[in-house]
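In: when you get a sec, could you give me coordinates for this:
(chains A and B)
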Amino acid sequence: EAGVVQSPRYKIIEKKQPVAFWCNPISGHNTLYWYLQNLGQGPELLIRYENEEAVDDSQLPKDRFSAERLKGVDSTLKIQPAELGDSAVYLCASSLAGQMGDTQYFGPGTRLTVL
Amino acid sequence: KQEVTQIPAALSVPEGENLVLNCSFTDSAIYNLQWFRQDPGKGLTSLLLIQSSQREQTSGRLNASLDKSSGRSTLYIAASQPGDSATYLCAPSGGGADGLTFGKGTHLIIQP
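Out: This is a model prediction of the structure:
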């Protein structure tokens, strides 16, 4: 069974440029998460989707960040415009309600560097 | 707001030792708690999940315990190996599909 797929794995952009990250969750998983991980820190939740609905986006900086999960499968996280402080690893995770105690499975992440 | 603390922040031990990693959390109203490992430049790998009604879970050389009332969990690694070198993160969840709250992790080095 394929795991959570993310692309690109690495992205380098200049500040004020837009950037987008893509996530394909494990097949059949209804819940999808985006987390942000700064160097030396644990991941922090940005947004959670139940199918195509964003049910928790309280930590998403909505002035520059946006996300979508069309058809309740793949998801895209966008930053526009990017700032120097956005340099971090962006992790996507998925889970299936009631399966394995709602275990979350993580993708490899996208490492963003803003110059 | 849930806060998670992991002690020690870093640990270096010779191969073969048994070791304990500690995790404490401030809000005991959790649904479950997951332990992960993260290798440098990689995503997170789920190791164990303990439901709030459980006291412990075991997988191979790993054993995780949970004392919800005191807000503590421990990860016990038996007979450590160099391949166990990684950062270990604990993360409680407030609800079944809720986002996880992570600690900063314990950076573990097993010396050959």
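
In: please count neighbours and contacts with C-alpha atoms only from this point.
Out: Will do.

In: any figure for the gap between the nearest residue to residue B:81 once chain neighbours are set aside and residue B:34?
Out: Distances taken as C-alpha to C-alpha, 6 or more residues apart in numbering or on different chains place residue B:15 nearest to residue B:81, at 5.3 Å, with adjacent residues excluded. Per C-alpha to C-alpha, to the nearest Å, residue B:15 is found 25 Å from residue B:34.

In: for chain A, what are the nearby residues on chain B?
Out: Contact residues (C-alpha under 8 Å from any C-alpha of the partner chain) of chain B with chain A: B:32, B:34, B:42-46, B:49, B:51, B:89, B:96-105.

In: those in strands, which ones?
Out: Under the assignment DSSP state E, the residues of chain B next to chain A contribute B:32, B:34, B:44-46, B:49, B:51, B:89 to strands.

In: now the residue in chain B positioned nearest to chain A: closest residue in space, sequence neighbours ignored.
Out: Residue nearest to chain A within chain B (C-alpha to the nearest C-alpha): residue B:43, separated by 4.0 Å. Nearest residue to residue B:43 in three dimensions, chain neighbours excluded: residue A:108, at 4.0 Å (C-alpha to C-alpha, 6+ apart).

In: helices or strands next to the least confident helix or strand in chain A by mean pLDDT in the packing?
Out: Across the helices and strands of chain A, mean pLDDT, DSSP states H and E gives its lowest value to strand A:53-56, namely a mean of 92. Judged by 3 or more C-alpha pairs under 8 Å, 6 or more residues apart in numbering or on different chains; DSSP states H and E, the packing partners of strand A:53-56 are strand A:44-50.

In: pull the distance from the strand it packs on to the chain's centre.
Out: Counting by C-alpha atoms, centre = their mean, to the nearest Å, strand A:44-50 is centred 8 Å from the centre of its parent chain.

In: name the surrounding residues that touch that strand.
Out: With contact meaning C-alpha atoms under 8 Å, 6 or more residues apart in numbering or on different chains, strand A:44-50 is reached by A:30-37, A:54-60, A:69, A:72, B:98-102.

In: can you pull the poorly scored residue ranges out of chain A?
Out: Scanning chain A for pLDDT under 70 picks out A:1.

In: need the residues of it near chain B, please.
Out: Residues of chain A lying near chain B (C-alpha under 8 Å from any C-alpha): A:31, A:33, A:40-45, A:48, A:91, A:95, A:97-98, A:101-109.

In: narrow these to those that are buried.
Out: For the residues of chain A next to chain B, a burial check counting by 16 or more other C-alpha atoms under 10 Å in any protein chain shown picks out A:31, A:33, A:42-45, A:48, A:91, A:95, A:97, A:101-109.

In: okay, and which of these map to strands?
Out: Residues of those located in strands (DSSP E): A:31, A:33, A:44-45, A:48, A:91, A:95, A:105-106.

In: what sits against residue B:38?
Out: B:44-45, B:86-89.

In: how far does stretch B:29-48 stretch from start to finish?
Out: For stretch B:29-48, the end-to-end distance is 19 Å (C-alpha to C-alpha).

In: mind listing the strands for chain B?
Out: Going by DSSP E, chain B shows strands at B:4-7, B:10-14, B:19-25, B:32-38, B:44-51, B:56-59, B:62-67, B:72-77, B:86-93, B:106-111.

In: nearest approach to residue A:76 belongs to which of these?
Out: Of all the strands of chain B, it is strand B:44-51 that lies closest to residue A:76, at 19.7 Å by C-alpha to C-alpha.
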